[in-house]
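Asks: from the sequence below, what's the structure:
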Amino acid sequence: MKLGAFSVSLSVKDLHKSKEFYENLGFTVFAGNMDQNYLIMKNENALVGLFQGMFEGNILTFNPGWDENAKEMTSFDDVRHIQQHLKSKGVTLESEADESATGPASFTVKDPDGNLILLDQHR
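Replies: Sure, this is the predicted structure:
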């Protein structure tokens, strides 16, 4: 399966401190807005999302249809196809995408250790 761009979405306590910390590691702001309490930081192909007050815990995120530069990929597996595949394997989903729709959609699943994984398609 083609899962698209991978990033880690971190729930942070202080967006300003986290931004400074990741800048010290060589990351730069790629997307997002301090006024909206989130930033996407990038260092080469590595992406880290910093989110203040939006969710609890950290999330592994995949974006079907995007590469690590948020550029549309010509060939990708639709999030609903990935969801159907996981369901056929007996994987329990935390939330589901509407399989009768097209375009942007998302679903979540937890790995065996309880780590939340978000598959979030923007196109």
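Asks: show me the contacts for the residue most central in space within the chain.
Replies: Nearest to the geometric centre of the chain sits T61, at 2.7 Å (CA atoms, centre = their mean). Neighbouring residues of T61 by CB atoms under 8 Å, 6 or more residues apart in numbering: 6-9, 49, 117-120. Backbone N, C-alpha and C define where each C-beta goes, glycine included.
Asks: counting neighbours, which of those comes out on top?
Replies: For those, the largest number of neighbours (other CB atoms under 10 Å) sits with L119, at 25 neighbours.
Asks: hmm, it is touching P64, no?
Replies: Yes. Counting by CB atoms under 8 Å, L119 does reach P64; the two are 6.4 Å apart.
Asks: next, show the common contact partners of those two.
Replies: Common neighbours of L119 and P64 (CB under 8 Å, 6+ apart) are 3, 79, 82.
Asks: for T102, see how far away the nearest residue to the second one once chain neighbours are set aside is.
Replies: Spatially, and ignoring its direct neighbours in sequence, V79 is nearest to Q121 (4.0 Å; CB to CB, 6 or more residues apart in numbering). Q121 sits at a distance of 10 Å from T102 (criterion: CB to CB, to the nearest Å).
Asks: any residues in contact with both of those two?
Replies: Joint contacts of Q121 and T102 (CB under 8 Å, 6+ apart) are D78.
Asks: compare the two (neighbour count), which wins?
Replies: Per other CB under 10 Å, whichever of Q121 and T102 has more neighbours is Q121, with 22 against 9.
Asks: so who does that one touch?
Replies: 4, 63-65, 78-79, 97, 103-106.
Asks: next: V91.
Replies: Per CB under 8 Å, 6+ apart, neighbours of V91: V109.
Asks: any idea whether the nearest residue to F27 once chain neighbours are set aside is helix, strand or coil?
Replies: With CB to CB, 6+ apart as the criterion, F27 has its nearest non-adjacent residue at 3.8 Å, and that residue is M41. State at M41, reduced to three classes by DSSP: H, G, I helix; E, B strand; the rest coil: strand.
Asks: and for M41, the neighbour number?
Replies: Other residues near M41 come to 24 when the count uses other CB under 10 Å.
Asks: surely it meets K19?
Replies: Yes. With contact defined as CB under 8 Å, M41 reaches K19; the gap is 7.3 Å.
Asks: nice, that's everything, thank you.
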